[in-house]
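Peer 1: pasting the sequence and the predicted model now:
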Amino acid sequence: AKGRSVPRFGPPQAGPASAMNIARRISSEKPAAGRMSALSMYEIPPTEPISVSEFEEFAFDRLRLLSTIELARAKGLKGEDLEKRIRKARDEYMPLSSTGLVKDFFSHFILRLAYCRSEDLRRWFLTNELELFKWRFVNNPPDDRNAWLRAHGLRYEAISRDEYDELKQDLCEALASRRDLDAGQVDNPEHYKVPFEEVIDLVRQRKVFLRGGFAYVPEPDLVSIVSTAVRAKWSRELATTSRSWPSLREDEADRLFGFLEGLSTQYVGEDWSRPNNGGTKVTLADLPAAARRSFPLCMHNMYVKLLETHHLKHNARNQFGLFLKTIGLTVDESMAFFKSEFGKKMPGDKFMKEYAYGIRYNYGLEGKRQDWSAAGCKSIIASVGANAAAGEHHGCPFKNYDEGQMRATLQQMQVSGTDVAFILEKVRGQHFQVACGRFFEAKHKGTTLLQTEIGGIEHPNQFFTESIKFHLAQEKANGIKPAATQDSQSTPVDASA
């Protein structure tokens with residue numbers, strides 16, 4: 001890879017001296033008081049070698065951190081709630097320590113490589129990296145923050161006392177009209193005079209006083225000014241990296257190309273590769289009631305279509321089959337289930353000849369003999385959209401359904417109007433996992449996933465597992481002997497609308 005905007009990762013082994021060099025370089029941005037800070041514009045890419053395992057570990061941890069930020073924002077967390085969520089994720093994945101700073105430095109550039117390839121990927125990366133930057137900026141002490149600004153040539157000077165006195169009434173009126181500032185912030189006379197085009201978001205929200213082409217920005221909004229400059233810088237560098245991607249792809253075809261291209265859809269949450277249903281064994285006889293009570297909408301849709309048409313195409317068979325495997329069905333049970341449905345349209349020997357291999361393959365009994373896992377939400381959402389008219393029913397319904405179809409489906413499944421409105425709002429904003437989390441709440445009255453650490457749904461098997469736990473708790477509270485499911489003869493609801 002060539003060009004300064006593309007990090008040059010060396011041989012697959014790294015010694016402690018390399019890490020020390022990185023730590024020294026990062027520590028040069030420490031405040032004068034010696035406090036450690038990860039606030040950075042990431043101006044110079046790393047050239048020190050790291051191992052391939054470190055490369056992957058650093059990338060996964062930053063992806064976890066940025067995904068946490070994305071989910072928190074999609075759920076509408078603000079203020080102290082958002083601050084706490086980001087801090088907790090930072091402490092877990094990118095701690096403020098010497099080793100944590102090294103990881104932070106490398107991982108930013110690794111994800112810059114992985115997310116430079118398309119406009120959508122660049123937008124996702126910039127949005128969440130900028131949110132992390134803002135959090136770090138506002139949580140740095142003022143003196144450290146000002147020193148950092150001067151060191152990076154961002155000279156935003158406060159207005160003079162005379163100018164403040166001249167405009168005091170206008171500035172105070174602008175502050176008084178804002179509900180997002182507390183009393184101490186409203187009384188703060190510190191303002192910065194900035195060309196209005198550098199703070200378009202504040203102008204659009206009518207948060208600043210304008211005169212002569214300048215916006216008079218109160219100190220609490222300084223982060224908006226700085227983040228605009230940082231975003232512009234990172235956007236240019238991402239574009240440069242994007243142009244260098246073809247050469248990097250050729251250079252790293254054997255080692256890193258596949259990893260980088262797959263990183264944006266990589267599932268980095270809890271391991272759902274084994275049944276995890278609160279100790280409950282799900283069997284073939286349980287499927288009708290399990291689909292009614294505990295299947296996420298994606299799996300419920302494919303289950304209903306299989307029962308209606310007695311067929312699923314390849315992508316849906318693979319997505320649904322691995323889900324059934326992970327909730328506990330054995331290979332024999334899966335074989336019997338698909339054969340019983342497909343057999344309503346074709347002879348049994350034809351099914352065994354054309355479809356049995358794929359089922360056994362998913363269980364690691366054919367081909368590579370790999371123990372395949374069910375796909376996570378990111379992978380499902382990123383998959384090629386399903387076309388119901390062509391018999392394709394895989395993918396994420398929250399992404400694939402149009403608004404009318406989604407509304408009709410939710411109403412048919414007796415989701416309340418308030419929940420439908422919330423879900424559709426999140427779908428319009430492409431927050432499909434948060435929409436799925438609200439769907440879970442709507443189907444499990446009394447749960448508050450959006451207010452807990454779980455938040456949006458990250459994996460179909462997560463939805464199923466949390467549903468099983470919910471029903472087991474209800475059965476126990478009502479004195480009913482716990483069972484995987486009940487009412488196994490229930491008729492499934494058509495989720496296709």
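Peer 2: Perfect, I can see it now. Numbers count the residues shown, from 1 in each chain.
Peer 1: what about the strands in the stretch 351-497 of the chain?
Peer 2: Secondary structure of the stretch 351-497 of the chain (DSSP state E, counting those that start in this stretch): no strands located.
Peer 1: what's the answer for the chain, then?
Peer 2: For the chain, the strands defined by DSSP state E cover 191-195, 209-211, 214-218.
Peer 1: using a markdown table, lay out those strands together with distance to residue 318.
Peer 2: No exception for glycine: its C-beta is placed from N, CA and C like everyone else's. As requested, these are exported to a markdown table (distance: least, Cβ to Cβ, whole Å):
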| stretch | distance to residue 318 |
| --- | --- |
| strand 191-195 | 53 |
| strand 209-211 | 57 |
| strand 214-218 | 53 |
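Peer 1: so can I have JSON lines of those strands showing distance to residue 164, mean pLDDT and mean neighbour count?
Peer 2: As requested, the strands of the chain are arranged in JSON lines below (distance: least, Cβ to Cβ, whole Å; pLDDT from 0 to 100; neighbours: other Cβ atoms under 10 Å):
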{"stretch": "strand 191-195", "distance to residue 164": "7", "mean pLDDT": "84", "mean neighbour count": "18"}
{"stretch": "strand 209-211", "distance to residue 164": "11", "mean pLDDT": "91", "mean neighbour count": "15"}
{"stretch": "strand 214-218", "distance to residue 164": "9", "mean pLDDT": "89", "mean neighbour count": "22"}
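Peer 1: at which residues are the helices of the stretch 151-300 of the chain located?
Peer 2: With DSSP state H, counting those that start in this stretch as the criterion, the stretch 151-300 of the chain has helices at 161-176, 183-186, 200-204, 222-251, 257-262, 287-294, 297-309.
Peer 1: and residue 89, how close does it get to residue 139?
Peer 2: To residue 139, residue 89 is 14 Å away according to Cβ to Cβ, to the nearest Å.
Peer 1: then residue 235?
Peer 2: Residue 235 is 24 Å from residue 139, by Cβ to Cβ.
Peer 1: thinking again about what came up before, give me the more crowded residue out of residue 89 and residue 139.
Peer 2: More crowded of residue 89 and residue 139, by other Cβ atoms under 10 Å: residue 89, with 20 against 14.
Peer 1: spatially, what comes nearest to that one if we skip its sequence neighbours?
Peer 2: With Cβ to Cβ, 6 or more residues apart in numbering as the criterion, residue 89 has its nearest non-adjacent residue at 4.0 Å, and that residue is residue 68.
Peer 1: quick one, what contacts the one you found?
Peer 2: For residue 68, the contacting residues are 85, 86, 89, 93, by Cβ atoms under 8 Å, 6 or more residues apart in numbering.
Peer 1: was I right to think the first one contacts residue 77?
Peer 2: Yes. Counting by Cβ atoms under 8 Å, residue 85 sits close enough to residue 77 to count as a contact (6.0 Å).
Peer 1: ranges for the helices of the stretch 1-150 of the chain?
Peer 2: Here the stretch 1-150 of the chain has its helices, by DSSP H, counting those that start in this stretch, at 16-27, 52-74, 79-93, 98-114, 119-138, 142-151.
Peer 1: show me the one of these that comes nearest residue 255.
Peer 2: helix 52-74 (6.5 Å; Cβ to Cβ).
Peer 1: buried stuff in the closest one?
Peer 2: Neighbour counts over helix 52-74 (16 or more other Cβ atoms under 10 Å) mark 54-55, 58-74 as buried.
Peer 1: tell me the mean pLDDT over it?
Peer 2: Helix 52-74 carries an average pLDDT of 91.
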